[in-house]
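Visitor: Build the 3D model from these lines:
(chains A and B, ligands or ions: 2)
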Amino acid sequence: MALRFEVMGRFNRARAAQLTLPHFVSQTPLFMPVGTQGTIKGLTTSQLEEIGAQIILGNTYHLALRPTSELIDELGGLHKFMNWPRAMLTDSGGFQMVSLLHLADITEKGVTFQSPVDGKPMLLTPEESIQIQNRIGADIIMALDDVVKTTITGPRIEEAMYRTLRWIDRCIAAHSRPHEQNLFGIVQGGLDPVLRDTCVKGLVDRNLPGYAIGGLAGGEDKDSFWRVVAQCTASLPENKPRYVMGVGYPLDIVVCSSLGADMYDCVYPTRTARFGTALVPEGVLKLKQRAMADDTRPIDPTCACMVCKNYTRAYIHCLATKDAMGSQLLSYHNLYYMMQLSRNLHSAIVEGRFPEFVCDFLQKMFPKGDVPEWVCNAMEVAGIDISSCCAPFPSCKD
Amino acid sequence: MKFAVKAVTGGRARVGMLHLGPNPIETPALLLSTRKGLPVFISPDLLPCLPRPDSHLLQFSPLHFLDGPCPKTISSIGGLHQMLGLHEYGFVAVARDSVQSLPEFDSTNKFGASFETPCGRRLVKPVEYMEMISSMRPNLWATLADEVPAWVSDKRNKTSVDRTVKWLDECLTLSPAGGAVFGSIVGGSNIEERQRCAQEVAKRNVSGYWIGGFGLAESMDDRPPLLNAVTDNLPEERPRLICGLGLPEEVLQGIAAGVDLFDSAYIYHLTLGGFALIFPLDGMEENMNDIQTSDIGSDGTKINLRATMYRKDTTPIVEGCSCYTCQNHTKGYINHLLNVHEMLAQILLEIHNTHHYLGLFQSIRYAIKEGKFEEFQNKFVQSRRSSCILE
Ligand SMILES: [Zn+2]
Ligand SMILES: [Zn+2]
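Guide: Ligands and ions are numbered 1, 2, ... in the order given. I've put the predicted structure just below:
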C-alpha cells in the first residue's frame, strides 16, 4: 500500500479527506481531469497546477498504443515523460477497448481485440494490464475488470461480477510495484444489489488500497445510479478512498459526495468545452448561442479563473468552436470550475457547513426549486435536509 | 507613438526605439501574429513567459472580427486592449494577416478592397474599415490597401497604387483620435510604381509606413531593389512595417533595406508543420556545421519534430534555451504529441518558435549596433544554403 487516507471531517456519510499519494498530497472529494494521451487537451502542465489539478488520468489503452508503455518506461515513466509532478491514475485499458472497438471480446483469459494498428488479434490479460500500468508508473492503477453495459440484464452481469473477482487475484499477483503504486479494485454487479454486495465483500477481503465503483455512468437511470453508489459506499471500508468511475457532472459529484464517495473522473468538462459549452453554477452556458455575441459579462461573474477575470462572453463567443484558443480558454475555465467545486466540497465538510453548501448549490442550479426527484431521494438517504431549496408544492419533480 | 533611429550601419539597416505601449521596444522587431488579438495557441496567461518587452507587439486583422463581436460591442467593452485583457501590449492593425485574411485583388474594386477571410470573401470599404479601427482602438494601424500579386499587368498595378493613395486620404479624413496611422505603400514588382507610391504617401501626415504587396509571388532576387525603391523615398525618422516577409532570409532582406517591423506568419506555418527553430543565436559560425550533419530533415535552421528520430529524445529542442517549452519538455514528448494530434504540441512549438525568432531579432539588432549586419546576413544565408545543398 502506497497511500494514506485520513478523514479530516464528516457530515453523515459525506467525508473530506487527505489522500497522500507517492507524488502528491491531495484533498478529497476530488475531480480528476482526464488526460487520455499524456496531456489534458489544450492545457500545459503548469496551467493544470495553477487550476489546482491534483490527480490526472492517463488512459492505458491509448498510451500503450502510442508512445507505448515500453517507451514511457524507458524514458522514466509518465510523470517524467509529460513533466507532471503531481499524482496520476491510469485505468486498466479494458473499458476503452470495449467502448472504442467493435471487435472486443471478453473471455476468461482476458479481453481479445483487433489491433487498431495492424488489425491482428490481440489479448489484454489482467496480468498484462498491470504490467503495462507498472511501466507507465501512475500513483493509482486500476484492476482489469469485466465491463458490461449497465443497461444489460441477465446472467451476463453475474458472470462479469464473478470474473472481475477472479481477475482481481491475477491483478494482485501480477502487480510488481505495490510500494510505489496503489492497485484499486473495481466493484461490478450492474444494478443488482445482491451482486454488488457480493463484489464489495470479495474486494474488501483482498484489503486493497482503494476501491472504485464501476459500471455506472453508462446510460442507466439516475435513481438506479445513486442507489448503487449509496449501497457500495455504505459497505466499503471507512478508511479507504472510494472512486466513482466516469462520473463528472457537477450535480452527480455533489450527490455522490453526499453519499460518501471521494473521487471522480470524466472527460465531460473538457469535451463540452471544445463544443463551446461552459460550466457555471446555474448549469451550463452555451457560448455559441446568438445571445452571447453581444454579452459583455464574464462567463461566470463569480468565478476567479484567468478566463472569467479577463474575457467577456462576446469574445469567447467569437472564438468558441472556431479557434484553438476557444477550446483552450473554455477548457481552462471548466476545469477550474471542477477543481473549485472539489475544493468547496472539501472545505464545506471540514468546516461543518456541508448541508448549507449543498442547498446553496442546488438553489443556483434549480432556482425554481425544481430539484429532480432522484436528487431529493438521494439526499434523504444522505441525511441532508434540502427542503429549503425545493419548491414547497409539489415538493419534488423530475 | 514615438520612434527614434538609434543606429545605422553600412547601408540602410538600422536600430530604432519604438514607444507604443508602456514599454519601449527596440527595432528591428517582430510583431506576434494573432488570431482575434491572441496568439493562435499561446493563451494569455502563458504570454508573460515570452521575452519582455520584445514580445509586446501584437498584430491582428480587424477582419478577424467580421463575424463578431460587432464594432458597437467591441467599443462598449472598451476596445481591443480591454477585450483581451492585455493592457501592457501594443496592438497593431493590418487588414491582411498573411494566414487567414488575404487580399483578393480580382474582386477588389474602386469602392473597397476584397479579402478572403474565414467568413468568406468580403469587400471592405474605407468607411467600414475605419469603423472597425475606431471601435478596436489599436495603438497603431495601417490604412486600407489594394494589394496585388507580382504578376499583374502594369495597368492593374498602377490602379492599385492610385486606389491605395486615395483610400489613404479617405482613411485619414475618417481617422479617429489616438492610434498612430501608418500609410500603406504598394506598387507590386514595378520599381517606378513603388517609388511613385512611396513619394505620394511620404507627402501625407502619417506616423509611419506600412509596406504591402510583398510575399505575393515576387522572386527573392527581385525584392531588394523594390524594397530600396520604397525606403529610399521615405523619411528616415519614421518607422516602417512590412508584411509577407517570413523566412529568416526574407526578414534579413527587409532589414537590409531599412525596414523596422515584421509580421510573424512564418512562425504559424512552422508550428503547424511540426517544425522547431534551432539556428544558433550567438556566434553564428559555431555549431552551424554540427547541426547540418547530425540532424536529418534539418536545413540548419529548423528541425521537424515529427521525425521518428526524436521518439526517444530526452533533450529539449535547443539545449540552453530559456523558453517555457525547452525548460519543461523534451523533443520525445513533443514528437508523441504530434503523433497523436494533441494541441499541446502546437502550444509548445509556438512558444519555442516565437521565443527563438525574437532571439534572432535580438542578434540582428546587436549585429547592427556592432556595425556587422552585412556580415551577419551573409553568414546566415550562406550556412543555410550549404545545408540545403547537403540535403
Ligand atoms: Zn472561470
Ligand atoms: Zn525553447
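
Visitor: so where's the stretch 51-200 of chain A uncertain?
Guide: A:102 (pLDDT under 70).

Visitor: how about the strands in it?
Guide: Taking DSSP state E, counting those that start in this stretch, the strands of the stretch 51-200 of chain A run over residues A:55-58, A:87-90, A:105-106, A:111-114, A:121-124, A:140-142, A:182-187.

Visitor: Of all those, which one is nearest ligand 1?
Guide: strand A:55-58 (19.3 Å; CB to the ion). Where you see a C-beta, it was placed from the backbone N, CA and C, and this is true even at glycine.

Visitor: Just the C-alphas of the closest one, formatted as PDB.
Guide: Output of strand A:55-58 as PDB, limited to C-alpha atoms (Å, rounded to 0.1, in the frame of the first residue of the first chain):
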ATOM      1  CA  ILE A  55      -4.500  13.800  -9.800                       C
ATOM      2  CA  ILE A  56      -4.800  13.500 -13.500                       C
ATOM      3  CA  LEU A  57      -5.800  10.400 -15.500                       C
ATOM      4  CA  GLY A  58      -4.000   8.700 -18.300                       C
END
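
Visitor: Give me the contact list for it.
Guide: A:21, A:24, A:26, A:30, A:32-36, A:38, A:40, A:48, A:78, A:84, A:86-91, A:136, A:138-140, A:263, A:265 (CB atoms under 8 Å, 6 or more residues apart in numbering or on different chains).

Visitor: Which one, of the strands of the stretch 51-200 of chain A, ends up nearest to B:Ser322?
Guide: strand A:55-58 (26.6 Å; CB to CB).

Visitor: In space, not sequence, find me the middle residue of the chain.
Guide: Picking chain A for this. Nearest to the mean C-alpha position of chain A, counting by CA atoms, centre = their mean, stands A:Asp265 at 1.6 Å.

Visitor: wrong one, chain B
Guide: Closest-to-mean residue, chain B, CA atoms, centre = their mean: B:Asp263 / 0.4 Å.

Visitor: Pull the contacting residues for that one.
Guide: Counted by CB under 8 Å, 6+ apart, B:Asp263 has contacts B:30-31, B:33, B:59, B:94, B:97-98, B:242-246.

Visitor: from these, which single one is nearest ligand 2?
Guide: Distances from ligand 2 to these, taken by CB to the ion, are shortest for B:Leu30, at 15.6 Å.

Visitor: Strands of the stretch 1-150 of chain B, start to end?
Guide: With DSSP E, counting those that start in this stretch as the criterion, the stretch 1-150 of chain B has strands at B:2-8, B:14-19, B:25-27, B:29-30, B:32-33, B:57-60, B:90-93, B:102-103, B:113-117, B:120-124, B:140-142.

Visitor: can I get these in CSV with mean neighbour count and mean pLDDT?
Guide: Output for those, formatted as CSV (neighbours: other CB atoms under 10 Å in any protein chain shown; pLDDT from 0 to 100):
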stretch, mean neighbour count, mean pLDDT
strand B:2-8, 15, 95
strand B:14-19, 20, 98
strand B:25-27, 22, 98
strand B:29-30, 24, 98
strand B:32-33, 26, 97
strand B:57-60, 26, 98
strand B:90-93, 26, 97
strand B:102-103, 22, 96
strand B:113-117, 21, 97
strand B:120-124, 15, 97
strand B:140-142, 27, 97
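
Visitor: Let's have those strands in JSON lines, adding distance to ligand 2.
Guide: Below are the strands of the stretch 1-150 of chain B laid out as JSON lines (distance: least, CB to the ion, whole Å):
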{"stretch": "strand B:2-8", "distance to ligand 2": "28"}
{"stretch": "strand B:14-19", "distance to ligand 2": "25"}
{"stretch": "strand B:25-27", "distance to ligand 2": "21"}
{"stretch": "strand B:29-30", "distance to ligand 2": "16"}
{"stretch": "strand B:32-33", "distance to ligand 2": "16"}
{"stretch": "strand B:57-60", "distance to ligand 2": "20"}
{"stretch": "strand B:90-93", "distance to ligand 2": "24"}
{"stretch": "strand B:102-103", "distance to ligand 2": "30"}
{"stretch": "strand B:113-117", "distance to ligand 2": "32"}
{"stretch": "strand B:120-124", "distance to ligand 2": "37"}
{"stretch": "strand B:140-142", "distance to ligand 2": "29"}
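
Visitor: of the ones you listed, which approaches A:Pro209 most closely?
Guide: strand B:32-33 (48.1 Å).

Visitor: Check the closest residue to ligand 2 within the stretch 151-300 of chain B and give its pLDDT.
Guide: In the stretch 151-300 of chain B, the residue that lies nearest ligand 2 is B:Ala276 (7.8 Å; CB to the ion). If you check B:Ala276, the pLDDT there is 98.

Visitor: List the strands paired with the helix or strand hosting it, with their directions.
Guide: Assigning secondary structure by DSSP states H and E places B:Ala276 in strand B:275-277. Sheet pairing here is set by DSSP bridges, and for strand B:275-277 it gives strand B:302-304 (antiparallel).

Visitor: does ligand 2 sit close to the strand it pairs with?
Guide: No - if you take CB under 5 Å from the ion as the test, strand B:302-304 misses ligand 2, and the best it gets is 12.0 Å.

Visitor: Relative to the whole chain's centre, how far out is that strand?
Guide: 21 Å (CA atoms, centre = their mean, to the nearest Å).

Visitor: and the helix or strand just after it, what does it pack onto?
Guide: Using DSSP H and E, the helix or strand that follows strand B:302-304 in sequence is helix B:324-328. Applying 3 or more CB pairs under 8 Å, 6 or more residues apart in numbering or on different chains; DSSP states H and E, we find helix B:324-328 packed against helix A:45-51, helix B:344-369.
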